[in-house]
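A.B. asks: generate a structure from the sequence data that follows.
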Amino acid sequence: MDQPGTTTNTPTTTSEAAMGMTRTSDVFGPGCAGVPQGGKGSLNGMAEDPVATAASNNPLLTKLVAAVKAANLADTLNSQRAITVFAPADPAFAELGDAKFQEIAGNPAALTPILQYHVVPMRYDAKGLEAAKTVKTLAGQDVTIAGSGDNLTVNGAPVLCGNIPTKNATVFVIGKVLTP
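C.D. replies: This is a model prediction of the structure:
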């Protein structure tokens, strides 16, 4: 059995993989180098917490966490059983500009559907997403998965670091804010 805070190279079982569950050894992508090597925001630290808590400890996701808090969705995300989250990295929000980000963050009614567009109510790993090609989000709209491996995209947004395990989700850090 894995000890908390340790990295494992034990293969994911077939049933776990079928449920989109991943291990820290399954992560991929050039953006993974920006994930801290230790502490709560590390891959091992994130694996121990539910998704919103895990994201709040990761320095790549500060803008996303601010948006989730502004929309009052942290508890909702943390209470989900098995989800997939496409988490825009901070530079993706920078493309919006600070003024636009503040405007959206100040309007939870407009922000909530945007954030829901980044969450799939089923847990997928990269191979599951590749096979599905299209998945329906909590916003009720589809996102398109293309490419494979390090070239995986979600609606054209590159996956910077994928297959990140959290207690209740598989996270894919992406390079763009998706809009419904």
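
A.B. asks: in the protein, mark out all the helices, start to finish.
C.D. replies: Here the chain has its helices, by DSSP state H, at 14-18, 43-47, 51-56, 62-70, 74-79, 90-94, 98-105, 108-116, 126-132.

A.B. asks: as CSV, those with mean neighbour count would be great.
C.D. replies: Quick note: C-beta positions are derived from backbone N, CA and C, even for glycine. Conversion of the helices of the chain to CSV gives the following (neighbours: other Cβ atoms under 10 Å):
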stretch, mean neighbour count
helix 14-18, 12
helix 43-47, 23
helix 51-56, 24
helix 62-70, 19
helix 74-79, 16
helix 90-94, 17
helix 98-105, 14
helix 108-116, 16
helix 126-132, 18
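
A.B. asks: can you give me the offset of stretch 119-139 from its chain's centre?
C.D. replies: Relative to its chain's centre, stretch 119-139 lies at 11 Å (Cα atoms, centre = their mean, to the nearest Å).

A.B. asks: so, low pLDDT: which residues of this structure?
C.D. replies: In the predicted model of the chain, residues 1-18 satisfy pLDDT under 70.

A.B. asks: so which of the helices of the chain gets nearest Gln37?
C.D. replies: helix 43-47 (8.7 Å; Cβ to Cβ).

A.B. asks: which strands and helices lie in contact with the closest one?
C.D. replies: Counting contacts by 3 or more Cβ pairs under 8 Å, 6 or more residues apart in numbering; DSSP states H and E, helix 43-47 packs against helix 51-56, strand 157-165.

A.B. asks: go again using 7 Å as the cut-off
C.D. replies: If you count contacts as 3 or more Cβ pairs under 7 Å, 6 or more residues apart in numbering; DSSP states H and E, helix 43-47 packs onto strand 157-165.

A.B. asks: who touches the strand it packs on?
C.D. replies: 21-24, 26-32, 35, 43, 46-47, 89, 125-126, 152-153, 170-176, 178 (Cβ atoms under 7 Å, 6 or more residues apart in numbering).
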